[in-house]
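In: Below are the sequence and a predicted model for it; my questions follow.
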Amino acid sequence: MTVAEDVLTANYARFPVTFVRGQGARLWDDEGTEYLDFLAGISVSNVGHCHPSVVAAITEQAARLIHVGNLYSTVPMVELAGRLARNSLGDGSKVFFANSGAEAVEAALVAGDKTVAADALKKAQPELARGVARGVIHKNTASRKYSRLTKRVSALG
């Protein structure tokens, strides 16, 4: 049993290698063997290892502030969100930074609910108005139904 096996759970089938250094797309293990990194930190750090510009940017930021979470905003967070919004969906778009895949999926589901609820609200308004005009639905009933739909959309953010 290795030291890693003594302290890490077996939730992944880890390979019997311990990396100690990286440069670009290359990695070296604790025995000096060189490897090509085809995983890029499972697509997390696909900028390669130890690129001087990335190291400088991380060092500069770490000297100021490392992490405060998504409950607060930071200048780099707002600047990046603005660049992502402008360069992907256009001005007026908004960006959501997720902490995990589960959080991203949950946000997508909420966005889907919001879209469906907003569509239902758009469809409901004229349908309820037609029902009131024809005397099929009392105006108070229509108002309550529309109010409930409006609250549902508002609650979704």
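Out: Sure, I can see it. Numbers count the residues shown, from 1 in each chain.
In: Domain map for the protein?
Out: The chain breaks down by automatic domain parsing into domains covering 3-65, 67-97, 101-155.
In: Mean neighbour count, those domains: which tops it?
Out: domain 101-155 (a mean of 13; mean count of other Cβ atoms under 10 Å). C-beta: built from backbone N, CA, C; applies to glycine.
In: mean confidence score for it?
Out: Per-residue pLDDT over domain 101-155 has a mean of 64.
In: Also stretch 12-27?
Out: 90.
In: what's it in contact with?
Out: Residues outside stretch 12-27 that contact it (Cβ atoms under 8 Å, 6 or more residues apart in numbering): 2, 4, 8, 28-30, 33-37, 48-51.
In: Please repeat the previous calculation with a cut-off of 7 Å.
Out: Contact with stretch 12-27 is made by Ala4, Trp28, Asp29, Asp30, Glu34, Tyr35, Leu36, Asp37, Gly48, His49, Cys50, as judged by Cβ atoms under 7 Å, 6 or more residues apart in numbering.
In: Taking those residues, tell me the two that lie furthest apart.
Out: Among the contacts of stretch 12-27, the pair separated by the greatest distance (Cβ to Cβ) is Ala4 and Gly48, at 24.4 Å.
In: Sort out for me which of the contacts of stretch 12-27 are in strands.
Out: Trp28, Asp29, Glu34, Tyr35, Leu36 (DSSP state E).
In: At which residues are the strands of this protein located?
Out: Using DSSP E, strands in the chain cover 19-23, 26-29, 34-36.
In: In a markdown table, list the ones you listed along with distance to Glu60.
Out: Shown next, in a markdown table, are these (distance: least, Cβ to Cβ, whole Å):
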| stretch | distance to Glu60 |
| --- | --- |
| strand 19-23 | 20 |
| strand 26-29 | 25 |
| strand 34-36 | 29 |
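In: Out of these, the one nearest Leu71 is which?
Out: Closest of those to Leu71 is strand 19-23, at 32.3 Å (criterion: Cβ to Cβ).
In: Strand partners (parallel or antiparallel) of that closest one?
Out: Sheet pairing of strand 19-23 (DSSP bridges) gives strand 26-29 (antiparallel).
In: And stretch 29-37, end to end?
Out: In stretch 29-37, first residue to last residue: 12 Å (Cα to Cα, to the nearest Å).
In: if we look at that stretch, which residues are touching it?
Out: Applying Cβ under 7 Å, 6+ apart, the external contacts of stretch 29-37 come out as Val17, Thr18, Phe19, Val20, Gly22, Ala25, Arg26, Leu27, Trp28, His49.
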